[in-house]
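> Predicted model and sequence below, questions to follow.
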Amino acid sequence: MTAGAQQPERPGAVCVMDPSAADLVLPADLRARLATLVRLVPSPTGPDPAAALADAEILVSGWGCPRLTAEVLEQAPGLRAVMHAAGSVKPIVSEALWERGIVVSSAADANAGPVASCTVALITLAARRTLTTAAGYAAGWPDVASRTGADGLMVGIVGASRIGRRVIAELVRSDADFRVLLSDPYVTDEEARLLGARRVELAELCERSAVVSVHAPLLPETTGLLDAEMLALIPDGGALVNTARGAVVDTDALTAECASGRLEAYLDVTAPEPLPPGHPLLSLPNVLVTPHTAGAQGSEVRRLGQYAVAEVARWVAGEPLHGRVTREALPQLA
């Protein structure tokens, strides 16, 4: 470039997300980094957040971003890329986005680590029947013979998703020497072996696992996948862990199993969500229900912003995106 020649104008970018989350996802240092890559368009403050898209080529989205319907996209004639600083893009993506050829990226990889770590912690608690033991502690010190140890315990993983694979890896590395079964129709026996698990059908997994952990995406074929028949196969004293999607499990059937005292449940997701006040799962002593705390929390949330800003840098430089989501892959994602 010759002396005095103008630098090309940086692409316009706007951040559209819930204001309460924005400062956690994109604190000052990340916004400053973003401002070196793009021309930041002021974030929306009025009742129509989509109006801020008019002058943007890049949307950095997050929790609270409206669904990008054809009507919304009419207000964004220059939009070329969406960098989602959160996990699933399903709430915001529409067919109109793909028809426009807009590139989409998700920070789901940045969220997967916290979810996997939390899940392994819940599995470890479940392996010890922690909720049941704690509920009975008021009556006195539990008999040693009644406790369940974790060493060598069989854990069933339903779905070799991004998080499911991380959970398997952490379980395999654990000092507790967990044994792992995997049920996933898209994984071969050899792929499961390389992950450190043995692939089986869902019914066998439920029959043989002391703890069943759900990691399948919510699809028509996975809705109610763990129904009354499958839950009944889990051995007495077993547990269900769900940090994926609530509707993969039949809520009524799970409630009945837990109310009988036969199973424990550790749930970060439910169906419906939230559960209505007074629902039995909220008060049963052998059930733990948390409001999506498995994902990035507190200072961890900035990982999502870091990932999105790094994706913006790659896009501006013409490099491949690490978290790119395609129309074809979207149905299989969480």
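Great, that's in hand.

> any idea of the mean pLDDT for stretch 141-155?
Averaged over stretch 141-155, pLDDT sits at 69.

> Kindly report the same for stretch 228-238.
The pLDDT scores in stretch 228-238 average 97.

> Over to it now: how far is its first residue from its last?
Terminal residues of stretch 228-238 are spaced 15 Å apart (Cα to Cα, to the nearest Å).

> who touches it?
129, 132, 148, 202-203, 206-207, 209-212, 240, 249-250, 252-254, 256-257, 262-264 (Cβ atoms under 8 Å, 6 or more residues apart in numbering). Where C-beta positions appear, they are placed from N, C-alpha and C, glycine not excepted.

> buried ones in that stretch?
Using 16 or more other Cβ atoms under 10 Å as the test for burial, stretch 228-238 gives 230-231, 233-234, 238.

> after the strand or helix carrying Ala256, next one along is what?
Using DSSP states H and E, Ala256 maps to helix 251-259. Scanning forward in sequence from helix 251-259 by DSSP H and E, the next helix or strand is strand 264-267.

> doesn't Ala239 make contact with Glu264?
Yes: using Cβ atoms under 8 Å, Glu264 is in contact with Ala239, at 4.0 Å.

> neighbour-wise, which of those two wins?
Ala239 (30 against 26; other Cβ atoms under 10 Å).

> quick one: the more buried one from Val249, how far?
In this view, Ala239 and Val249 are 12 Å apart by Cβ to Cβ, to the nearest Å.

> now do Leu30
Per Cβ to Cβ, Leu30 is found 36 Å from Val249.

> which of those two has more neighbours?
Val249 (29 against 19).

> beta partners for that one?
Leu226 (DSSP bridges).

> So it versus Gly136, what's the distance?
Remark: distance between Val249 and Gly136 (Cβ to Cβ) = 25 Å.

> Just list the residues touching Gly246, thanks.
By Cβ under 8 Å, 6+ apart, Gly246 lies in contact with 267, 269-273.

> now, which of the residues you listed lie within strands?
Judged by DSSP state E, the contacts of Gly246 include Leu267 as members of strands.

> which of the contacts of Gly246 has the most neighbours?
That'd be Leu267 among these, by other Cβ under 10 Å, with 25 neighbours.

> Model confidence for it, exactly?
98.

> pretty sure it is touching Pro291, no?
No: using Cβ under 8 Å as the test, Leu267 is too far from Pro291 to be in contact (10.0 Å).

> So, low pLDDT: which residues of the stretch 101-250 of the chain?
143-151 (pLDDT under 70).

> Domain parsing of the chain, as residue ranges.
Domains of the chain are assigned by automatic domain parsing as 12-106+298-332, 111-289.

> all helices in this structure, in order from the N-terminus.
Here the chain has its helices, by DSSP state H, at 19-25, 28-37, 70-73, 95-99, 108-127, 130-136, 162-173, 189-195, 202-208, 228-233, 251-259, 302-316.

> okay, and the common contacts of Glu264 and Ala239?
Listed as contacting both Glu264 and Ala239 by Cβ under 8 Å, 6+ apart are 126, 129.

> burial of Asp29, as a residue count?
Residues lying near Asp29 (other Cβ under 10 Å) number 12.

> pLDDT value on it, please?
The predicted local confidence for Asp29 is 95.

> Same question for Pro47.
64.

> Buried subset of the contacts of stretch 228-238 as a PyMOL selection?
Entered in PyMOL, the line below selects the buried ones among these, by 16+ other Cβ under 10 Å:
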select buried, resi 129+132+148+202+206+207+209+210+211+212+240+249+250+253+254+256+257+262+263+264
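
> Dump the contacts of Gly246 into JSON lines; add distance to Arg173 as well.
JSON lines is the format used below for these (distance: Cβ to Cβ, whole Å):
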{"residue": "Leu267", "distance to Arg173": "25"}
{"residue": "Val269", "distance to Arg173": "25"}
{"residue": "Thr270", "distance to Arg173": "30"}
{"residue": "Ala271", "distance to Arg173": "32"}
{"residue": "Pro272", "distance to Arg173": "36"}
{"residue": "Glu273", "distance to Arg173": "32"}
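
> tell me which of the contacts of Gly246 is nearest to Trp141?
Taking Cβ to Cβ as the measure, Trp141 lies nearest Leu267 of the contacts of Gly246, at 28.3 Å.
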